[in-house]
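*Asks:* quick one, fold the following:
(chains A and B)
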Amino acid sequence: ETGVTQSPTHLIKTRGQQVTLRCSSQSGHNTVSWYQQALGQGPQFIFQYYREEENGRGNFPPRFSGLQFPNYSSELNVNALELDDSALYLCASSGAEQGFTEQFFGPGTRLTVL
Amino acid sequence: KQEVTQIPAALSVPEGENLVLNCSFTDSAIYNLQWFRQDPGKGLTSLLLIQSSQREQTSGRLNASLDKSSGRSTLYIAASQPGDSATYLCAVWGTSGTYKYIFGTGTRLKVLA
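*Replies:* Numbering: from 1, shown residues only, chains lettered A, B, ... in the order given. Below you'll find the predicted structure:
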(Lines give C-alpha, C1' and ligand atoms only; values in the text may rest on other atoms or scores of the structure.)
Protein backbone atom coordinates (compact mmCIF):
# COMPACT_ATOMS: atom_id res chain seq x y z
CA GLU A 1 0.00 0.00 0.00
CA THR A 2 1.44 3.36 -1.07
CA GLY A 3 1.12 6.28 1.33
CA VAL A 4 0.39 9.91 0.54
CA THR A 5 3.08 11.51 -1.61
CA GLN A 6 3.66 15.17 -2.44
CA SER A 7 5.79 17.03 -4.95
CA PRO A 8 7.93 18.99 -5.04
CA THR A 9 9.65 18.78 -1.66
CA HIS A 10 10.79 22.38 -1.70
CA LEU A 11 9.92 25.36 -3.84
CA ILE A 12 11.10 28.95 -4.00
CA LYS A 13 8.95 31.56 -5.71
CA THR A 14 8.83 35.34 -5.99
CA ARG A 15 5.97 37.50 -4.75
CA GLY A 16 3.25 37.79 -7.40
CA GLN A 17 4.05 34.48 -9.08
CA GLN A 18 1.79 31.42 -9.25
CA VAL A 19 2.55 27.96 -7.88
CA THR A 20 1.12 24.45 -8.24
CA LEU A 21 1.65 21.77 -5.62
CA ARG A 22 0.78 18.14 -6.22
CA CYS A 23 -0.46 15.29 -4.09
CA SER A 24 -1.15 11.60 -4.67
CA SER A 25 -3.55 10.13 -2.16
CA GLN A 26 -3.16 6.84 -0.41
CA SER A 27 -4.44 3.88 -2.38
CA GLY A 28 -8.22 3.54 -2.09
CA HIS A 29 -8.76 7.04 -0.66
CA ASN A 30 -11.12 9.33 -2.57
CA THR A 31 -10.99 12.40 -0.32
CA VAL A 32 -8.08 14.83 -0.25
CA SER A 33 -7.57 17.79 2.07
CA TRP A 34 -4.93 20.50 2.01
CA TYR A 35 -3.50 22.28 5.04
CA GLN A 36 -1.14 25.24 5.41
CA GLN A 37 1.32 25.26 8.30
CA ALA A 38 3.10 28.53 8.94
CA LEU A 39 6.27 28.47 11.01
CA GLY A 40 5.53 27.84 14.67
CA GLN A 41 1.84 27.22 14.08
CA GLY A 42 -0.42 24.22 13.75
CA PRO A 43 -1.73 23.25 10.32
CA GLN A 44 -4.75 25.24 9.08
CA PHE A 45 -7.38 23.66 6.84
CA ILE A 46 -7.47 25.14 3.32
CA PHE A 47 -10.03 22.98 1.51
CA GLN A 48 -11.11 19.44 0.78
CA TYR A 49 -11.99 17.58 -2.41
CA TYR A 50 -14.28 14.60 -2.68
CA ARG A 51 -14.97 12.93 -6.01
CA GLU A 52 -13.45 15.88 -7.89
CA GLU A 53 -15.66 18.49 -6.20
CA GLU A 54 -14.70 20.98 -3.49
CA ASN A 55 -16.30 19.72 -0.28
CA GLY A 56 -15.52 22.43 2.24
CA ARG A 57 -13.19 25.36 2.57
CA GLY A 58 -11.36 27.09 5.39
CA ASN A 59 -10.69 30.79 5.77
CA PHE A 60 -8.48 31.21 2.71
CA PRO A 61 -8.95 33.67 -0.18
CA PRO A 62 -10.04 32.58 -3.68
CA ARG A 63 -6.48 32.80 -4.99
CA PHE A 64 -6.06 29.43 -3.28
CA SER A 65 -7.72 26.91 -5.58
CA GLY A 66 -7.56 23.21 -6.18
CA LEU A 67 -8.34 20.31 -8.41
CA GLN A 68 -8.92 16.63 -7.89
CA PHE A 69 -8.50 14.19 -10.75
CA PRO A 70 -10.32 10.92 -11.54
CA ASN A 71 -7.43 8.95 -10.01
CA TYR A 72 -7.99 11.01 -6.79
CA SER A 73 -4.67 12.84 -7.05
CA SER A 74 -4.90 16.55 -6.35
CA GLU A 75 -3.35 19.93 -7.03
CA LEU A 76 -3.22 23.07 -4.93
CA ASN A 77 -2.79 26.27 -6.91
CA VAL A 78 -1.91 29.60 -5.38
CA ASN A 79 -2.03 32.75 -7.50
CA ALA A 80 -0.49 36.16 -6.82
CA LEU A 81 1.85 34.79 -4.16
CA GLU A 82 2.39 36.86 -1.05
CA LEU A 83 5.23 36.70 1.46
CA ASP A 84 2.81 35.28 4.07
CA ASP A 85 2.15 32.28 1.81
CA SER A 86 5.55 30.93 2.84
CA ALA A 87 4.69 27.76 4.72
CA LEU A 88 4.67 23.98 4.74
CA TYR A 89 1.73 22.70 2.68
CA LEU A 90 0.38 19.35 3.77
CA CYS A 91 -1.90 17.05 1.85
CA ALA A 92 -4.00 14.43 3.63
CA SER A 93 -6.23 11.71 2.29
CA SER A 94 -9.05 9.67 3.76
CA GLY A 95 -11.39 6.94 2.66
CA ALA A 96 -14.46 4.95 3.47
CA GLU A 97 -12.46 2.32 5.33
CA GLN A 98 -11.86 4.82 8.12
CA GLY A 99 -15.38 6.23 7.83
CA PHE A 100 -13.77 9.44 6.55
CA THR A 101 -12.92 10.30 10.17
CA GLU A 102 -9.16 9.89 9.98
CA GLN A 103 -6.67 11.42 7.59
CA PHE A 104 -3.25 10.28 6.53
CA PHE A 105 -0.70 12.99 5.83
CA GLY A 106 1.97 13.37 3.21
CA PRO A 107 5.48 14.70 3.91
CA GLY A 108 4.58 18.22 2.80
CA THR A 109 5.92 20.81 0.35
CA ARG A 110 7.94 23.67 1.79
CA LEU A 111 7.11 26.88 -0.13
CA THR A 112 9.28 29.95 0.28
CA VAL A 113 8.08 33.24 -1.22
CA LEU A 114 10.74 35.93 -1.65
CA LYS B 1 -16.17 27.28 16.73
CA GLN B 2 -13.72 24.61 17.85
CA GLU B 3 -10.45 25.84 19.31
CA VAL B 4 -7.55 23.65 20.38
CA THR B 5 -4.94 24.80 22.88
CA GLN B 6 -1.71 23.09 23.86
CA ILE B 7 0.23 23.77 27.02
CA PRO B 8 3.11 24.23 27.49
CA ALA B 9 4.29 25.76 24.22
CA ALA B 10 7.82 24.53 24.90
CA LEU B 11 9.38 22.10 27.32
CA SER B 12 12.96 21.12 28.07
CA VAL B 13 13.64 18.09 30.27
CA PRO B 14 16.62 15.87 31.15
CA GLU B 15 16.75 12.40 29.65
CA GLY B 16 14.83 9.76 31.57
CA GLU B 17 12.07 11.99 32.90
CA ASN B 18 8.42 11.12 32.55
CA LEU B 19 6.44 14.00 31.11
CA VAL B 20 2.92 15.09 30.28
CA LEU B 21 1.77 17.22 27.38
CA ASN B 22 -1.64 18.83 27.57
CA CYS B 23 -4.28 19.53 24.95
CA SER B 24 -7.65 21.20 25.51
CA PHE B 25 -10.53 21.78 23.11
CA THR B 26 -13.64 23.93 23.41
CA ASP B 27 -16.29 21.76 21.72
CA SER B 28 -16.75 18.25 23.10
CA ALA B 29 -18.61 17.08 19.98
CA ILE B 30 -15.69 15.23 18.40
CA TYR B 31 -15.25 11.96 16.55
CA ASN B 32 -11.67 11.48 17.61
CA LEU B 33 -8.48 13.14 18.80
CA GLN B 34 -5.07 12.40 17.38
CA TRP B 35 -1.56 13.13 18.56
CA PHE B 36 1.13 13.76 15.97
CA ARG B 37 4.87 14.19 16.09
CA GLN B 38 6.63 16.64 13.80
CA ASP B 39 10.38 16.86 13.37
CA PRO B 40 11.82 20.20 12.20
CA GLY B 41 10.89 20.93 8.58
CA LYS B 42 9.15 17.56 8.21
CA GLY B 43 5.60 16.29 7.85
CA LEU B 44 3.35 14.77 10.50
CA THR B 45 3.83 11.34 12.04
CA SER B 46 0.74 9.89 13.66
CA LEU B 47 1.38 8.69 17.22
CA LEU B 48 -1.98 7.80 18.74
CA LEU B 49 -5.61 8.10 17.69
CA ILE B 50 -8.32 8.05 20.36
CA GLN B 51 -11.91 7.56 19.27
CA SER B 52 -14.53 9.59 21.14
CA SER B 53 -15.81 6.43 22.84
CA GLN B 54 -12.35 5.57 24.19
CA ARG B 55 -10.59 6.84 27.30
CA GLU B 56 -7.01 6.11 26.36
CA GLN B 57 -4.59 4.57 23.88
CA THR B 58 -1.10 3.22 24.43
CA SER B 59 1.84 2.62 22.13
CA GLY B 60 5.17 1.70 23.66
CA ARG B 61 6.29 4.52 25.98
CA LEU B 62 3.38 6.72 24.91
CA ASN B 63 -0.03 6.88 26.53
CA ALA B 64 -2.77 9.28 25.50
CA SER B 65 -5.94 9.88 27.47
CA LEU B 66 -9.15 11.60 26.50
CA ASP B 67 -11.75 13.25 28.73
CA LYS B 68 -14.29 14.43 26.20
CA SER B 69 -16.68 15.97 28.71
CA SER B 70 -14.01 18.30 30.08
CA GLY B 71 -12.43 18.90 26.67
CA ARG B 72 -8.99 17.59 27.62
CA SER B 73 -6.39 15.13 26.45
CA THR B 74 -2.95 14.35 27.76
CA LEU B 75 0.01 12.66 26.13
CA TYR B 76 2.23 10.88 28.62
CA ILE B 77 5.79 10.04 27.56
CA ALA B 78 7.62 7.64 29.85
CA ALA B 79 11.40 7.58 30.28
CA SER B 80 12.04 10.34 27.76
CA GLN B 81 14.98 10.04 25.34
CA PRO B 82 16.83 12.63 23.23
CA GLY B 83 15.20 11.05 20.16
CA ASP B 84 11.83 12.17 21.51
CA SER B 85 12.81 15.80 20.81
CA ALA B 86 10.25 17.16 18.36
CA THR B 87 7.05 19.19 18.23
CA TYR B 88 3.94 17.36 19.37
CA LEU B 89 0.60 18.40 17.90
CA CYS B 90 -2.87 17.38 18.91
CA ALA B 91 -5.80 17.59 16.53
CA VAL B 92 -9.53 16.99 16.92
CA TRP B 93 -12.00 15.77 14.33
CA GLY B 94 -15.39 17.41 14.78
CA THR B 95 -18.82 15.96 14.21
CA SER B 96 -20.25 18.85 12.22
CA GLY B 97 -19.26 20.74 9.12
CA THR B 98 -16.49 19.67 6.77
CA TYR B 99 -14.56 16.59 7.78
CA LYS B 100 -11.23 18.03 8.84
CA TYR B 101 -8.74 18.22 11.66
CA ILE B 102 -8.43 21.27 13.86
CA PHE B 103 -4.94 21.50 15.27
CA GLY B 104 -3.37 23.05 18.30
CA THR B 105 -0.17 25.08 17.94
CA GLY B 106 1.95 22.30 19.39
CA THR B 107 4.38 21.69 22.24
CA ARG B 108 8.05 21.90 21.31
CA LEU B 109 9.89 19.27 23.36
CA LYS B 110 13.62 19.08 23.90
CA VAL B 111 15.07 16.13 25.82
CA LEU B 112 18.60 16.79 27.03
CA ALA B 113 21.17 13.99 27.10
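*Asks:* who in chain B is up against chain A?
*Replies:* B:4, B:31-32, B:34, B:36, B:41-44, B:46, B:49, B:89, B:91, B:93, B:97-106 (CB under 8 Å from any CB of the partner chain). In this view, the C-beta of every residue, glycine as well, is placed from N, C-alpha and C.
*Asks:* where does chain A get nearest to chain B, which residue?
*Replies:* For chain A and chain B, the shortest gap (CB to the nearest CB) falls at residue A:56, measuring 2.7 Å.
*Asks:* next, the contact list for the closest residue to that residue other than its chain neighbours, please.
*Replies:* Spatial nearest neighbour of residue A:56, excluding adjacent residues (CB to CB, 6 or more residues apart in numbering or on different chains): residue B:98 at 2.7 Å. Contacts for residue B:98 (CB atoms under 8 Å, 6 or more residues apart in numbering or on different chains) come out as A:45, A:48, A:55, A:56, A:57.
*Asks:* how about those, which pair is most distant?
*Replies:* A:45 and A:55 (11.6 Å; CB to CB).
*Asks:* which of those two has more residues huddled nearby?
*Replies:* residue A:45 (21 against 17; other CB atoms under 10 Å in any protein chain shown).
*Asks:* that one sits in which helix or strand?
*Replies:* Here residue A:45 sits within strand A:44-50, counting by DSSP states H and E.
*Asks:* pLDDT weak spots in chain B?
*Replies:* Judged by pLDDT under 70, chain B has no weakly predicted residues.
*Asks:* tell me where it has strands.
*Replies:* Counting by DSSP state E, one finds strands in chain B at the ranges B:4-7, B:10-14, B:19-25, B:30-38, B:44-51, B:56-59, B:62-67, B:72-77, B:86-94, B:101-103, B:107-112.
*Asks:* same list (these) but as TSV, adding distance to residue A:108 and mean neighbour count.
*Replies:* Compiled in TSV, these are given as follows (distance: least, CB to CB, whole Å; neighbours: other CB atoms under 10 Å in any protein chain shown):
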stretch	distance to residue A:108	mean neighbour count
strand B:4-7	20	18
strand B:10-14	22	13
strand B:19-25	22	19
strand B:30-38	9	22
strand B:44-51	8	19
strand B:56-59	23	14
strand B:62-67	23	19
strand B:72-77	22	20
strand B:86-94	13	24
strand B:101-103	14	24
strand B:107-112	18	17
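*Asks:* just the element for the most centrally placed residue in chain A, please.
*Replies:* By CA atoms, centre = their mean, the mean C-alpha position of chain A lies nearest to residue A:34, the distance being 3.1 Å. Residue A:34 is part of strand A:31-37 when elements are defined by DSSP H and E.
*Asks:* same deal with residue A:101?
*Replies:* For residue A:101, there is no helix or strand it lies in under DSSP H and E.
*Asks:* same question for residue A:81.
*Replies:* Assigned by DSSP H and E, residue A:81 falls within no helix or strand.
*Asks:* quick check: it vs residue B:85, distance?
*Replies:* According to CB to CB, to the nearest Å, residue A:81 and residue B:85 sit 33 Å apart.
*Asks:* next: residue B:24.
*Replies:* Distance, residue B:24 to residue B:85, by CB to CB: 24 Å.
*Asks:* may I have the phi/psi pair for residue A:84?
*Replies:* Dihedral angles of residue A:84 (phi, psi; degrees, to the nearest 10) stand at phi -70, psi -10.
*Asks:* tell me the secondary structure at the residue located most distally from the centre of chain A.
*Replies:* Using CA atoms, centre = their mean, the residue of chain A lying farthest from its centre is residue A:97. It sits 21.3 Å away. Local secondary structure at residue A:97 is given as helix here, using DSSP: H, G, I helix; E, B strand; the rest coil.
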